[in-house]
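> Take this sequence and fold it.
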Amino acid sequence: QLQTLDLSMNNFQGAIPSVIGDLSSIKYLNLMGNNLTETIPSSLGKLVGIEALILGNNKLQGELPASIGNLRTLQLLDVGSNEMVSTIPSSFANLESLKY
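Have a look, this model is predicted:
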């Protein structure tokens with residue numbers, strides 16, 4: 001089962017496909033440094049065993065999905081250097097393992 005997926009520093013463009021939420025065994029997902037646009041799909045909230053979610057340095061827009069609050073094992077979340085505008089969802093209070 002796939003546990004690590006590092007697709008960083010490529011030139012991927014467009015939206016993050018919502019089917020990425022079907023990677024049920026993933027622990028580390030790195031999509032940093034691409035040209036990803038549109039919003040972060042709420043389906044990422046289905047990655048309940050993930051420990052690191054790195055989406056920084058893209059062109060992601062919109063709001064952080066509240067479903068990320070479901071990721072109770074998440075230790076590292078990087079959404080820096082994007083074009084997002086919003087407040088942090090209250091569901092993020094559920095991220096008790098978050099360190100970075």
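
> Around residue 63, how many other residues sit close by?
13 (other Cβ atoms under 10 Å). C-beta: built from backbone N, CA, C; applies to glycine.

> and the residue lying closest to it once chain neighbours are set aside, which of the three is it?
The spatially closest residue to residue 63, leaving aside those adjacent along the chain, is residue 86, at 3.6 Å (Cβ to Cβ, 6 or more residues apart in numbering). Reducing the assignment to helix, strand or coil with DSSP: H, G, I helix; E, B strand; the rest coil, the entry for residue 86 is coil.

> what are the bridge partners for the residue nearest the centre of the chain, then?
Centrality entry for the chain: nearest residue to the mean C-alpha point is residue 53, 4.7 Å, by Cα atoms, centre = their mean. With beta bridges defined as DSSP bridges, residue 53 has these partners: residue 29, residue 77.

> and it, how far is that from residue 100?
Applying Cβ to Cβ, to the nearest Å, the value for residue 53 to residue 100 is 11 Å.

> Touching both of those two, which residues are there?
For the pair residue 53 and residue 100, residues contacting each of them under the criterion Cβ atoms under 8 Å, 6 or more residues apart in numbering are 76-78.
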